[in-house]
Each structure stands twice: as C-alpha cells, then as structure tokens.
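Enquirer: Predicted structure and sequence below. I'll ask about it afterward.
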Amino acid sequence: MAASRPNLRKANGMKHGFLSVILVLSTVATQAAHGGVFQRGQVQLICHRTANADMPENTLESLALAARMGCNVVEIDLTRTLDGQIVLHHDGLLERLTNGMGVVEETYSQELALLDAGSWMSSRFGVMRIPRLEDALRVAREQGIGLYLDFKSKGIGPQVVALLQREGMLERVRFGGEWDDVKAIYPRANEDEVASISPGATHEEIETAHRDGKFVIASFFANHHDMDLAGMRASVAAGADALFVDYPRLGADAVGRSVESKLAALVKKANEGAAADRAAAIFAIAQYDGFPTEKLFEGWLLDSDNRVSRAAAIALVTSHPPADAASLQQALGSKNASARRNAAWAMGMLKAPAELLLPLLGDSDSLVLQETLLALSRCAGDVPAEKLRPFLANQSPLVRGAAALAVARHQPQMATTVVPEALKRDEAFIADDYARYIQRGRPKLTQQEIDPIVAMYRGQMKMIQAGEQLPEKNALALLEGQAFRSVEDYSLVAGLVSGYQLWDRMGENPSIAIAAMGSVDPDVANRAEWILVKAGPAVLPNVREALQSGNTQMRERCIRILAWQGDREALPTLRSIARSHPEDAKLIEWAIEKIDILTFVF
C-alpha cells in the first residue's frame, strides 16, 4: 500500500498484449467466486514489504520469515525488468537495495540475478538475490499465506494474472499500486471492501465500517506507530480485523499468537522424540532470525545422536549471523565422537582459524579425523607438514582423501609429490583388487565387499580434487595422467572427472590430448576429443596441424573438433583433404556445413 514512485522511463512496451488478455480472460471468467485473501474469524496479520525490519526486503528469505512469524498476508512489490520479467523490488532503483547501480526497468533480469540483494542490510545475511514473482508465489503457496501485490510498473496486469493462475494463487492475492489493467481481465479482483484505519480508532468507528460490510485494517507502518505495541493491542481490542505492520514479531504478540510461543513449542520437539523429528524442529528454529537460539544449538551439538548433532551444526552455520567459531570449542572436547566430528565440520564451513582444529588430529575416531582434515582444507592458518603427512598413509581411504586436500591447502610444495604418490598407491591397490575379482570369475559381491570399494572410490575423488589444487604445472601433469590413463577397474571415474578439469587448462599445450585421440582405448580417445572441443580456439592451430596425420582415426577426430568449434581457418585444409582422401569427403562436407552455420554474421 506504499505509494508508487513516479515512472523513470516509459514502459518498455507490453510484452504480453492483446493475446495475453484474451487468454487470461478465457480462464479467469470461469473462476468460481471466492472469499478473498482477507479472512474473518481471527485477527489477521499483514506484513508490509515482507519482514523488512528483520531481513532484507522483497527477498524469498524475508517472505518466508514473515510467514513463519505468523503473518497471514504479506505485501511484495512488483517491478518489470528490461526483458519483461516480473521481479520483487520496491524502489525501482538498484542503489539502496543491491550492490549494483541503475534502474530495474532498464536492466535485464539475468543481470539482476547476479546482484547481491542482502549485504546492503548487514553482512550477516551474505548474498541474497532479487527473486522473480513466480518464485515468490511458490514460497507463498508452500507457506499457506496470501499476498498483497503492489504494482510498481504499469501494464503488467495480464502477465501477473497469468502467473497467478499458473501457480494456483489467483484467489490468494490482493492488488494495489498500478493495477488498473487487472480490473478489465479479472472483475472479481479486490472484491472485498476494505477500510484502512489509523492507530487510535475507536470501537464505534470500527463497528460503523463493519456495518458497511468492510474488512477493517489498522495500519502500523510509515506513520510513526511502527513499534506501538500498546496501540496494536488497542486496535485488536477495538475490533479491527487485521493489523498491517512492519514488525511481525510485535504484531504477532498483539494478536495473541506470539512468535516466542511458537519457538518454545519447537524447542520442546527438538528436545524429545525421534531423531528425525528432533532434527526437523532444529532446522525450523534456525529459520527464525534474531532470536537467542545459539546456545540451544550449541547444546544440541553435544547430543550423542549424530543426526541431532549434525542438524545443530548446520543450524549454527546457517543462522544469521552464523556462530562464532570460538563457541564451538567445547564440542571439540566432547566425549561424544559425533559432537567432535560435527563441531569440526562447522568450523570448516565457518573457515575458523586452523589452529583451533589441530588438537583433533590426535583423535582415535576415523570419522572425526576425516571431518577434521576436510575442515582444515577450508581453513586458513599454519598447519605443520609433520601433522598432516602421516594421514596420507592412514588405513581409511576417506581419511587419506581428506588429508590430501588439507596438504594441498597448507603444504602446497610438499603436496606436489606426496599427493600423486598417494594416488598411485591407491590405484595400484584398486588394480590388484580388480585383478583378483576377475580371477574369481566376476562373482556377485556381498555388501561387505562393496563397502570398501565405495570407500576407495570416495577417497579417490578427494585425491583428484587435491590434485586440481596443486600448482598449475603439477596439477596439469596429474590431471593429464588421469584423463588419458587406460583402465578397466572402478578407478576409471577419476579419468572422467580429470578430463573435465582439463577443459580450461589445455590451451597452452594440447599436444598430449591430441596424441591421446590415437589411443586404442575408445574411452580415452573420446574423452581427449571432447576435451579439445571444449578447450576453445586456443587449441585450434595444433588441431589443424594434426589434420595431416596419417592416422585415419586421428584425422577424423580432428575434423570433428574443427567443425564443432566452427573454425573457418581450417576450410582450405579441409577442402584439400577432401580431394586427397576421398574416404573423408562426406565427413568433411558435414564439417564445412557446420562451420558455415557457426559463422554468425554481426
């Protein structure tokens, strides 16, 4: 209900014109009458501009928070973008609410999606995004709330109504602002009569409005009564049907549905019952920003049930603001391994100082060690080489994998030798194990036999990720060795993953990939070919040179790479090869056609 700002530019044209109006009319006309978004019976709570006093306004997070705090209807502001999308934004200007500059109506939605719409309010919120209307409608539907749609752009009515129908929300909204074009296509819009009153209205004044059939809303925003809890209670006592507020927590208290009572009920659920139910309650509590819940999460972190403890750790990391890493130190010394493990995870996610985690490197539990080493790979600080190197020979492949990541982070020079060595040892073990499996006639494996294979695979994936973090020359050598290694055992996935990592590393010297296209292993040759396709134009001179190869397979693969990349410089050579190698003529004809198509004219 806030006033719309003057248009800064002419509307960028109706993206959904006469056809949209006809389509909307044809379906809206068949809608049954509904009771409207404002429901009588209990005092309704309407939130102005999402939970804007608690969280960045017009974000999905702020919309959901308003619902959780008991709001029945939440106002959102709708603005059209340069490409005709409808997004949530009040000002129409980017300066206050984002890290960008400009006018929403003059900005593509794709650019808006890149902007930070949260940190302007506080660093505790991190990066939030400007949402599209359809995403807000889904949140509202899931939360069971209605919406007040304040149109900030003109001419968006047909598009908005179409989205409301598609998302099943047409009967759960009220329109405001520049909404005149809605009336023609949806006559039942805003059929409930509303009386907006100021704080201090008497019972008699409210009853007069009731006798006229009006739904009475007492407004407590933008009128110096935003935090007037006594005034809100007085309006409820006088018979108002709804409070329109900027502070949902105050409004909820005034209407007798306090947020604190909801939280107390959730805390009770989190303290007792099945682990899954307790975890769900912990996650729900974590969604209530601005309440003193950190100590609760710290307590649940110490729980002996890993599921409960992990939920608490996640809550500590995702709360606004997130927990202080120092507050987790008690859990690091807990007698419960799950508490130590999950505290280490949380510290890693919070990027705590690495030295806080060093005592856990002496833990006897392999899961705690695994989580600690993984956390260290995310934390800054000084971790001595002698503290990490022994774990590369640990009996657990998952510990070895996490250790490789920690070594790559804290001891990069040492990592250039010890990580490839550890990877080779694991691959040799896998090869021997697979050979024994073949000798046994490939029997069906038991779960007991499958589990260590899966553990080896998981550890190997972490080894590859550690290899990616080595200094560039060393990383390239490790990844090439993996990507172009011919193997039949389950370590072959490492080659696939390494191949992807080579897409952006092949430009300077693609010779190894080009040679790999001649491999007798089709998986290796195919992988090499696609790496060169994805590597971009930098590899094309070398690919053109390889066209002269006497190897038919190599030549055909080079032709395809040049085609997929649309390399016009290769056309003379391709035509020459078509004459000298008639067997390649059909493939070259296809390649030339593809190159011609990819020669886009500007």
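Expert: That came in fine, so what should we check first?
Enquirer: didn't Asn551 look like it was pressed against Gly518?
Expert: Yes - Asn551 lies in contact with Gly518 (CB atoms under 8 Å); the separation is 5.4 Å. C-beta: built from backbone N, CA, C; applies to glycine.
Enquirer: Arg68 against Tyr288, yeah?
Expert: Yes - if you go by CB under 8 Å, Arg68 and Tyr288 touch, sitting 6.4 Å apart.
Enquirer: what residues are up against the residue nearest to Gly213 when sequence neighbours are not counted?
Expert: In this structure, Gly213 finds its nearest non-sequential neighbour in Glu193, 5.8 Å apart by CB to CB, 6 or more residues apart in numbering. Contacts for Glu193 (CB atoms under 8 Å, 6 or more residues apart in numbering) come out as 212-215.
Enquirer: Next: Gln44.
Expert: Taking CB under 8 Å, 6+ apart, we find Gln44 in contact with 38, 72-73, 241-243, 255.
Enquirer: so of the residues you listed, which ones are in helices?
Expert: Among those, no member falls in helices (DSSP state H).
Enquirer: Closest to Asp226 out of these?
Expert: Within the contacts of Gln44, the smallest distance to Asp226 is 11.4 Å, found for Leu243 (CB to CB).
Enquirer: right, and that closest one touches Val236 too?
Expert: Yes - under the criterion of CB under 8 Å, Leu243 makes contact with Val236 at 7.1 Å.
Enquirer: more crowded one of these two?
Expert: Leu243 (28 against 18; other CB atoms under 10 Å).
Enquirer: Now do the same contact list for the closest residue to the more buried one other than its chain neighbours.
Expert: Distance criterion CB to CB, 6+ apart; nearest residue to Leu243, sequence neighbours excluded, is Gly251 at 4.8 Å. Contacts for Gly251 (CB under 8 Å, 6+ apart) come out as 45, 47, 70-71, 220, 232, 243, 245.
Enquirer: which two from those residues end up farthest apart in space?
Expert: Gly70 and Phe220 (14.7 Å).
Enquirer: So those two - more neighbours on which side?
Expert: Phe220 (27 against 22).
Enquirer: give the contact list for the more buried one.
Expert: So Phe220 contacts 199, 226, 228, 231-232, 235, 243-247, 250-251 (CB under 8 Å, 6+ apart).
Enquirer: Can you check what pLDDT the model gives the residue lying closest to Ala352 once chain neighbours are set aside?
Expert: Distances taken as CB to CB, 6+ apart put Ala325 closest to Ala352, at 3.4 Å, once the chain neighbours are dropped. The model reports Ala325 with a pLDDT of 91.
Enquirer: go on, Leu137?
Expert: Listed pLDDT for Leu137 reads 98.
Enquirer: quick one: it from Leu115, how far?
Expert: 21 Å (CB to CB, to the nearest Å).
Enquirer: Which one of these two is surrounded by more residues?
Expert: Comparing Leu137 with Leu115 by other CB under 10 Å, the one with more neighbours is Leu137, at 24 against 20.
Enquirer: How many neighbouring residues does the closest residue to the more buried one other than its chain neighbours have?
Expert: Distances taken as CB to CB, 6+ apart put Glu167 closest to Leu137, at 4.1 Å, once the chain neighbours are dropped. Neighbourhood size, Glu167 [other CB under 10 Å]: 17.
Enquirer: Contacts only, for Glu167.
Expert: Counting by CB under 8 Å, 6+ apart, Glu167 has contacts 134, 137-138, 141.
Enquirer: Go again with 10 Å.
Expert: Neighbouring residues of Glu167 by CB atoms under 10 Å, 6 or more residues apart in numbering: 133-138, 140-141.
Enquirer: Let's see if you can find the most crowded of those.
Expert: Ala136 (27 neighbours).
Enquirer: where do the helices sit along the stretch 401-550 of the chain?
Expert: 412-439, 447-468, 472-483, 492-501, 511-516, 522-534, 540-546 (DSSP state H, counting those that start in this stretch).
Enquirer: which stretches of the stretch 51-200 of the chain form strands?
Expert: Assigned by DSSP state E, counting those that start in this stretch, the strands in the stretch 51-200 of the chain fall at 73-80, 86-88, 146-151, 173-177, 194-197.
Enquirer: returning to what we had before: ok, of the contacts of Glu193, which one's closest to Arg129?
Expert: Closest to Arg129, out of all of the contacts of Glu193 and judged by CB to CB, is Phe215, at 33.9 Å.
Enquirer: any common contacting residues for Arg68 and Tyr288?
Expert: Contacts common to Arg68 and Tyr288, judged by CB under 10 Å, 6+ apart, are 259, 262-263.
Enquirer: Present the residues you listed as CSV; the columns should include neighbour count.
Expert: Output for the shared contacts of Arg68 and Tyr288, formatted as CSV (neighbours: other CB atoms under 10 Å):
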residue, neighbour count
Val259, 19
Lys262, 17
Leu263, 18
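Enquirer: Rebuild those as TSV, extending it with pLDDT, secondary structure and distance to Leu296.
Expert: Converted to TSV, those look like this (pLDDT from 0 to 100; DSSP: H, G, I helix; E, B strand; the rest coil; distance: CB to CB, whole Å):
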residue	pLDDT	secondary structure	distance to Leu296
Val259	97	helix	15
Lys262	97	helix	14
Leu263	97	helix	9
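Enquirer: who are the neighbours in contact with Leu476?
Expert: 467, 470, 501-502, 505-506, 508-509, 512.
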